[in-house]
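Student: need coordinates for the below:
(one chain, ligands or ions: 1)
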Amino acid sequence: MSAEKQTVFLSGASGYIAQQTVKQLLDSGKFKVIGSVRSEEKGNSLAKNFNSPDLSFVYVKDISSETAFDDAFKQYGSEIDYVVHTASPVAFDVTDINKDLIVPAKIGSTGIFKASVKYAPNLKHFVITSSSFAILDLLRENDHSLHLNEQSWNPITYEDSLKDAVQGYCYSKKIAEQTVWKLGKELNVKFGITAINPTYVLGPQCFDSSVTSVLNVSCEFVNKLIHSKSDSEIDKTFVGPNIDVRDVARAHIEPLLNSEKFNGQRLLLSNGRFGAQSIVDILNEIPQLKGKIAVGTPHSDDDILNRMSVINNEKTKELLGFEFISLEKSIKDTASQILKVEGKL
Ligand code: NAP
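Tutor: Here you go, the predicted model:
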């Protein structure tokens with residue numbers, strides 16, 4: 001007889017990373033998922049795409065209120081075995097950094113954590129989707145003497161974070177994650193806690209129907225280059241560490257399968273570094289794009305690892321024990337999905 005499926009409450013189920021995580025949870029055959037979405041319309045569209053009896057939805061319109069998750073947890077708390085909190089604003093075109101980025105991130109993680117403690121007596125593990133932006137020091141990205149690992153925290157203060165949206169986002173991820181670790185200690189919780197700290201997440205959307213003219217923030221960088229002109233300039237400031245979305249999804253699930261091993265860990269998901277040039281170098285290997293998109297100065301990013309801060313995530317790799325998907329595969333899979341949807345393959 002097969003074991004009974006465990007229930008995962010996953011916030012922000014409509015998101016790019018969340019959909020791939022829901023897919024892997026359902027595909028494993030081990031989990032049922034209750035996903036929170038902001039509207040019935042989003043829930044209906046996901047229900048249609050996933051078409052699974054093991055997926056249901058609750059509506060949480062705005063995580064900026066500390067009680068936003070209470071109704072859902074009052075209703076389903078006793079069924080919940082695991083919580084995966086992915087919901088958080090990912091945007092750099094905001095008008096009010098505190099209200100649009102920091103408050104939903106901080107209050108969102110406070111609210112779902114407290115609701116978990118109060119209403120989910122059988123909870124075994126809580127996973128928060130944090131970010132490498134809670135770890136990296138963006139102002140020292142070009143400092144090769146700076147070494148970062150799973151213990152590092154970005155040094156940004158609240159005051160400085162209000163100066164620009166990128167720093168505001170970095171602070172929002174740091175404070176949301178720190179809130180969870182702090183509450184875990186203060187409330188002396190008995191369940192495990194893991195933070196997932198992905199770098200730039202690249203790779204295909206879970207469903208072709210999510211391929212729209214503008215994609216989620218991290219994929220939009222690649223989308224723009226796919227639609228660049230052959231004489232477009234390459235933005236040399238666009239650089240970062242990278243990880244494939246399917247690996248990010250998998251890293252969210254491993255702690256649910258082995259709570260003790262992953263309890264207290266931060267998983268820094270990084271598989272090297274890229275610049276816009278590395279991406280166009282890969283895109284130009286695709287016959288349908290070669291000669292039609294930007295070329296830049298081929299391979300001028302190949303030494304990028306020697307120029308930027310050093311990310312040491314050996315501990316994460318050892319804990320997870322699987323090979324990360326290459327940047328080349330992430331970019332090629334992203335491009336083929338977009339070209340397919342646009343009828344160009
Ligand atoms: P995404 O597609 O924009 O997903 C964000 C999710 O959060 C969506 O479900 C969104 O709902 C929900 N959300 C945002 N603000 C909300 C609010 N105020 N109230 C309720 N729900 C809200 O972005 P993503 O890239 O998948 O990001 C998911 C998580 O991964 C975030 O925590 C992000 O910080 C983290 N992360 C992303 C990357 C990356 O490169 N993509 C890297 C590191 C960490 P709607 O769809 O309804 O807007």
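Student: burial of the nearest residue to F133 once chain neighbours are set aside, as a residue count?
Tutor: Distances taken as CB to CB, 6 or more residues apart in numbering put C170 closest to F133, at 4.3 Å, once the chain neighbours are dropped. Any C-beta I mention is one placed from the backbone N, CA and C, and that applies to glycine too. Counted with other CB atoms under 10 Å, the neighbours of C170 add up to 26.
Student: wouldn't C170 be in contact with A134 here?
Tutor: Yes. C170 lies in contact with A134 (CB atoms under 8 Å); the separation is 7.2 Å.
Student: just the closest residue of the chain to the ligand, please.
Tutor: G15 (2.6 Å; CB to the nearest ligand atom).
Student: what residues are up against that residue?
Tutor: Neighbouring residues of G15 by CB atoms under 8 Å, 6 or more residues apart in numbering: T86, A87, V90, N216.
Student: who wins for neighbours among the residues you listed?
Tutor: A87 (27 neighbours).
Student: residues contacting the nearest residue to D137 once chain neighbours are set aside?
Tutor: The shortest distance from D137 to any non-neighbouring residue, by CB to CB, 6+ apart, is to N154 (5.4 Å). Neighbour list for N154: F133, A134, I135, L136, D137, L138, C170, Y171, K174 [criterion: CB under 8 Å, 6+ apart].
Student: quick check, pLDDT for the fifth one.
Tutor: At D137, the predicted lDDT confidence score is 96.
Student: flag every residue of the stretch 201-345 of the chain that's near the ligand.
Tutor: Applying CB under 6 Å from any ligand atom, one finds that the stretch 201-345 of the chain approaches the ligand through V201, N216, S218.
Student: ok, residues contacting stretch 85-93?
Tutor: Under CB under 8 Å, 6+ apart, the answer for stretch 85-93 is 10-13, 15, 17-18, 21, 36, 60, 63, 100-101, 104-105, 108-109, 112-113, 126-129, 165-166, 169, 172-173, 176, 180, 216-218, 252.
Student: which ones among these map onto strands?
Tutor: Judged by DSSP state E, the contacts of stretch 85-93 include L10, S11, S36, F126, V127, I128, T129 as members of strands.
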